[in-house]
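Trainee: Structure here, sequence nowhere to be found:
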């Protein structure tokens, strides 16, 4: 039995969950999320407790069991408290700014890199070296943060680029002269 999948999810106050066929909708104070669940997984809601069951011990179904429970739990967490990803911009002349709903990055190219803010995501730039991505959908927050990071990934010699705030860059030693 999956250790993650067998643990029930308690629905907090202020969160409304509807299950129709294999579509689950979670509505909370921050917004609404909808997800289509796999047909091999059975989800039941009793007295504000959600349980996830699988039909058999097939390897594929065992994987779906824990995954489905985690996805539902992340939906509940997202509509009650937002997910955030923090990025840092390191390098001389590298900076980030906001123009309306567009993130503008100056990261060493001959032109500024512009990234549009998708619906459901809020990008904040508290200072030119810090970017904060917020939203209720954990998957979308991570994807947008990864797109921003991919515009100038941190390099290993000087550490220049865009990195996650909790990421550690293993630095390499540069070339040495002849002895």
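Mentor: Yep, it's here. These figures come from a predicted structure and were not determined experimentally.

Trainee: count of neighbours near residue 49?
Mentor: Neighbours of residue 49 under the rule other Cβ atoms under 10 Å: 11. Where C-beta positions appear, they are placed from N, C-alpha and C, glycine not excepted.

Trainee: Not counting sequence-adjacent ones, nearest residue to it?
Mentor: Of all residues beyond its chain neighbours, the one nearest residue 49 is residue 8 (5.0 Å), with distances taken as Cβ to Cβ, 6 or more residues apart in numbering.

Trainee: Can you tell me the number of residues neighbouring the one you found?
Mentor: Residue 8 sits with 12 neighbouring residues when counted by other Cβ under 10 Å.

Trainee: Next, the contact list for it, please.
Mentor: Neighbour list for residue 8: 49-51 [criterion: Cβ atoms under 8 Å, 6 or more residues apart in numbering].

Trainee: Secondary structure element holding the residue nearest the centre of the chain?
Mentor: The centre of the chain sits closest to residue 142, judged by Cα atoms, centre = their mean, with a distance of 2.8 Å. Per DSSP states H and E: residue 142 is located in helix 138-150.

Trainee: same question, residue 65
Mentor: Counting by DSSP H and E, residue 65 is part of helix 59-80.

Trainee: and if you look at residue 52?
Mentor: Element membership of residue 52, judged by DSSP H and E, is strand 49-53.

Trainee: Any figure for the gap between the residue nearest to residue 49 and residue 51?
Mentor: 5 Å (Cβ to Cβ, to the nearest Å).

Trainee: ditto for residue 89
Mentor: Relative to residue 51, residue 89 is positioned 44 Å away (Cβ to Cβ).

Trainee: Please, where are all the strands along the chain?
Mentor: For the chain, applying DSSP state E gives strands covering 9-10, 16-20, 23-27, 32-36, 42-46, 49-53, 83-90, 95-99, 102-106, 113-116, 121-127, 130-135, 161-164.
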